[in-house]
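Q: Provide a 3D model corresponding to the input given below.
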Amino acid sequence: MSDLKISDMMNMSHELWDKNKEKWSPMEPEHGKTFILYMIEEIGEVISVIKKKSVDDIMNDKEVREHFVTELGDVMMYYMDVLNRFKITPEEFSELYLKKFNKNMGRDYEKQYKELKFSEE
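A: The predicted structure is shown next:
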């Protein structure tokens, strides 16, 4: 596969969980927040690469880049686990993602930022 779809990643998440379900927590909403915390931990590992390596390293050093992208992949794996645990379908996620994207396309971020700064003064 050269370009994974959300549904593919969610199916892979279920497949990995199914293989380990005797040892891992159930694929239920009650365990979703734990996987959000795991995802944040992985984001910390991404940040660690950024802090310890230069942008040039991330862009041009094969080993550094592979480590960086792998950590980003770990973030996505836990993200898929969260979607699955909260029973969010690929269609539901896609619909609301696109809705938010379209809203953001119509926003004036500079104006909003200025209004926010003005209201804080």
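Q: For residue 5, give me its contacts.
A: Each residue near residue 5 by CB atoms under 8 Å, 6 or more residues apart in numbering is listed here: residue 90. To be clear about C-beta, it is placed using only N, CA and C from the backbone, and glycine gets the same treatment.
Q: And the one 4 residues further on, by the same measure?
A: The neighbourhood of residue 9, defined by CB under 8 Å, 6+ apart, consists of 76, 77, 80.
Q: Now tabulate the residues you listed in CSV and tack on pLDDT.
A: Shown next, in CSV, are the contacts of residue 9 (pLDDT from 0 to 100):
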residue, pLDDT
76, 98
77, 98
80, 98
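Q: If you rank the residues you listed by neighbours, which is first?
A: Neighbour counts for the contacts of residue 9, by other CB atoms under 10 Å, peak at residue 80, which reaches 25 neighbours.
Q: Report the residue spans of the chain with pLDDT below the cut-off.
A: Within the chain, the ranges that satisfy pLDDT under 70 run 1, 118-121.
Q: domains of it?
A: For the chain, the structural domains run 6-88, 90-121, going by automatic domain parsing.
Q: Let me know which of those domains is tucked in deepest.
A: Counting by mean count of other CB atoms under 10 Å, domain 6-88 has the highest mean neighbour count of the domains of the chain, with a mean of 15.
Q: Leaving out sequence neighbours, find the closest residue to residue 6.
A: Once flanking residues are discounted, residue 6 sits nearest to residue 90: 4.4 Å by CB to CB, 6 or more residues apart in numbering.
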